[in-house]
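> how does the following fold in three dimensions:
(one chain, ligands or ions: 1)
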Amino acid sequence: MRAETAYDELIQRVREETLLTSCEALLEWDEETYMPPGGVENRSEQLALLAGLLHERGTDPKIGELLAELERSDLVADPRSPVSVNIRELRREYDRYVRLPRRLVEEVARTTALAQTAWAQARAASQFKGFRPWLDKIIALKRDEAECVGYSGEPYDALIEDHEPGIDSRILARLFDALRQNLVQLAAEIAERPALPPAPRGPFPVDQQRSFGEMVAVVAGFDRRRGRFDLGVHPSCSGIGPGDCRLVLRFDQGDLVGGVLTILHEVGHGLYEQGLDPSYYGTPMGESASVSMDEAQARLWENRVGRSPGFWRYFYPRCRELFPDALRGYGLDRFVLAVNQVKATLIRVNADEVTYNLHILVRFELERALMSGDLKSADVPEAWNAAYRRYLGVVPPNDREGCLQDGHWADGLIGYFPTYTLGDVFAAQLFAQAESELGDLESQFAQGEFAELAGWLRRKVYREGSRYPSARLIELVTGSPPNQRPLIDALRNKYARLYRL
Ligand code: ZN
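Numbering: from 1, shown residues only. Here you go, the predicted model:
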């Protein structure tokens, strides 16, 4: 077979797999938004069928044969060409997939489905011991998974690799240690200063927040002819396919700031989706570089844009027109201070941008120790509370507000938390580089101008798809490998000013 024919056959197969995955994504989006509660059983059957089909197709030995043939051909002569990139990435995915026995994949699916319920019950009762046996099972399964797919350093690395190819726990520990020391210090200095004004509590009617938020999204560059907004319990962004990006939003009538930051976070993901090259749809070249690089886009729009004074200089007058009573007495300067209030709290999802990563670093430390066996599951609550006392200076009064607050572990997502902080690190590197090339971005934001930033990200990051692993892409775009310094500098400069440190 000619190499070109083999390549066409391979691409045809992976495009079909992508179509199946996009059906899965659409069903999951519907479950989050419009499905009536009575649909849950049929929906789980639909999803299980699709997962089975995907596993069958993804592990078909024919894919291995096609890849082997292509790897011997001269189609892979230039490692940066789209064809080479697709072959490289499809090889990585295929090898990982075939090394996981179907028995293990099914066992993980079954266990995590049940563990979700056990976690929800343990959380409601605020008793870790109800979840503990499930955590033990999940850790054991994840160790099996690591042994099947292989790793070079420690088993935890195999799980990180699943979300962030090319990154391991050693690289993360180095970045995160430096970050932690600086953030603990900064948060402690801020805690010594008088608090900034609290955010206004509304009421901000949800319908008006929604139309305001959608306007913000469109001004930021989200194309609503190729995307839509809906309400749901968990904010999210699903790229169904080219021309179809779904943002799920949530508004609370007492929290205007949270609603706007949430929409900007999801818009950041959405701009990446909408900025991918549609001609590569269905292949790695048409996909985001990694989970962290995707999260970086979200964190960049949420924090570097959405918490900036320039952004509010443009949008705040519109807020005051919409919510004149609720914002009475809140001038622009006071409002910007309220948006940037820093206070160590117990719950990750409500955290400000200074303490947020400390929440993640606790989870990184604990799950790494759980995987290595240094930490026994029975000791999780105690280790959790001790880490919170050490890094955040607060101690959860119970497990619900402590180690049971997130569903990630119950969902089998071990090795996922670090991508939040790595994403934040990338976001700060990208934003600093964008400013050095484009000039003062905040004065553009103050004019309602976001197109230059969005265009820069599209050219530098989105259009590259998965051409490079995330660490290499960040180095090519910013001139530096993954580096915590721009994030530390951005936070210190900003909060030294706001808190007069
Ligand atoms: Zn996100």
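> quick one: pLDDT of the residue in the stretch 51-200 of the chain positioned nearest to the ion?
Nearest residue of the stretch 51-200 of the chain to the ion: His163, at 12.5 Å (Cβ to the ion). Every C-beta, even on glycine, is put in place using the N, C-alpha and C of the backbone. Turning to His163, the model gives it a pLDDT of 93.
> residue contacts, it?
Applying Cβ atoms under 8 Å, 6 or more residues apart in numbering, we find His163 in contact with Ser290, Val291, Ser292, Gly415, Tyr416, Thr419.
> just checking, what packs against the helix or strand hosting Val83?
Element membership of Val83, judged by DSSP states H and E, is helix 82-99. In this structure, helix 82-99 makes packing contacts with helix 3-33, helix 40-58, helix 61-71, helix 132-149, judged by 3 or more Cβ pairs under 8 Å, 6 or more residues apart in numbering; DSSP states H and E.
> so for that helix, what gets flagged as buried?
Of all the residues in helix 82-99, those buried under the rule 16 or more other Cβ atoms under 10 Å are 82-94, 96, 98.
> near the ion too, which of these?
Taking Cβ under 5 Å from the ion as the test, the ion is in contact with none of those.
> max pairwise distance over these: which two?
Greatest spacing in the buried residues of helix 82-99, by Cβ to Cβ: Pro82 and Val98 (24.1 Å).
> residue of this protein closest to the ion, please.
For the chain, Cβ to the ion, closest residue to the ion: Ala298, 4.0 Å.
> immediately after the helix or strand that residue falls within, which helix or strand?
Using DSSP H and E, Ala298 maps to helix 291-299. With elements assigned by DSSP H and E, the helix or strand that comes after helix 291-299 is helix 309-322.
> what is the rounded mean pLDDT of that following helix?
97.
> hang on, Leu332 packs against Tyr314?
No - using Cβ atoms under 8 Å, Leu332 makes no contact with Tyr314, being 10.4 Å away.
> may I have stretch 136-155 as CSV, with CA atoms only?
This file holds the C-alpha atoms of stretch 136-155, laid out as CSV (Å, rounded to 0.1, in the frame of the first residue of the first chain):
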residue,chain,number,x,y,z
ASP,A,136,-8.7,2.7,48.3
LYS,A,137,-10.3,0.9,45.3
ILE,A,138,-9.7,3.8,43.0
ILE,A,139,-6.0,4.2,44.0
ALA,A,140,-5.5,0.4,43.5
LEU,A,141,-7.1,0.6,40.0
LYS,A,142,-5.0,3.7,39.1
ARG,A,143,-1.8,1.9,40.2
ASP,A,144,-2.8,-1.0,37.9
GLU,A,145,-3.4,1.5,35.1
ALA,A,146,0.0,3.0,35.7
GLU,A,147,1.7,-0.4,35.6
CYS,A,148,-0.1,-1.2,32.4
VAL,A,149,0.8,2.0,30.5
GLY,A,150,4.3,2.3,32.1
TYR,A,151,6.2,5.3,33.5
SER,A,152,9.8,6.3,34.0
GLY,A,153,9.8,7.9,37.5
GLU,A,154,6.9,7.0,39.8
PRO,A,155,3.4,5.5,39.1
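> centre of the chain versus that stretch, how much separation?
22 Å (Cα atoms, centre = their mean, to the nearest Å).
> how about the secondary structure of the closest residue to Ala51 other than its chain neighbours?
Excluding the flanking residues, the one nearest Ala51 by Cβ to Cβ, 6 or more residues apart in numbering is Ala109, at 7.0 Å. At Ala109 the chain is in helix, as set by DSSP: H, G, I helix; E, B strand; the rest coil.
> do you know how far Ala109 is from His55?
Distance, Ala109 to His55, using Cβ to Cβ, to the nearest Å: 10 Å.
> nice, that's everything, thank you.
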